[in-house]
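**Student:** Give me a model of this one.
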Amino acid sequence: QVQLVESGGGLVQPGGSLRLSCTASGFSFSSYSMSWYRQAPGKEREWVAYISASGGSTNYADSMKGRFTISRDNTKNTMYLQMNSLKPKDTAVYYCRVLLRDMGYWGIGTLVTISS
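**Tutor:** Just a heads-up that it's a prediction; the model follows:
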């Protein structure tokens, strides 16, 4: 079955960095584009970044451009999100998502807290 497992979250001070990972199984990882989303407390889930199946194409939400970098290693079935210059408003649960045959699959998320 499809499984997505996020990791790498934690507590970081403003201005700090974190790298999130999403390890996938149960499907042909290298054949599918992937995305990161996040959900802040009391807010709706929002899209963060996208990466194509090969990794050759990426896209970001405006508020993340220049600070976040999405990447993937198809040999490890893993996607990453490098987050720099973190701000308190980046506090959220971060999720990875894949769309397979018109069905979206989500991980359980990893909590990122930005606070001094």
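**Student:** Against residue 53, how distant is the spatially most central residue of the chain?
**Tutor:** In the chain, the residue lying closest to the centroid (CA atoms, centre = their mean) is residue 36, at 3.2 Å. Between residue 36 and residue 53 the distance is 15 Å, computed by CB to CB, to the nearest Å. Backbone N, C-alpha and C define where each C-beta goes, glycine included.
**Student:** can you check residue 115 too?
**Tutor:** Residue 115 sits 36 Å away from residue 53, going by CB to CB.
**Student:** pretty sure the residue nearest to the centre of the chain is in a helix, no?
**Tutor:** No - with DSSP: H, G, I helix; E, B strand; the rest coil as the criterion, residue 36 is strand rather than part of a helix.
**Student:** That one contacts residue 49, doesn't it?
**Tutor:** Yes - Residue 36 is within contact range of residue 49, at 4.8 Å (criterion: CB atoms under 8 Å).
**Student:** When residue 115 and residue 53 are compared, which one has more neighbours?
**Tutor:** Just comparing residue 115 and residue 53: by other CB atoms under 10 Å the higher neighbour count belongs to residue 53, 15 against 9.
**Student:** What's the end-to-end length of stretch 96-105?
**Tutor:** End-to-end span of stretch 96-105 (CA to CA, to the nearest Å): 8 Å.
**Student:** again, but for stretch 22-31
**Tutor:** One end of stretch 22-31 sits 16 Å from the other (CA to CA).
**Student:** any idea how far that stretch is from the chain center?
**Tutor:** Centre-to-centre, stretch 22-31 and its host chain are 14 Å apart (CA atoms, centre = their mean, to the nearest Å).
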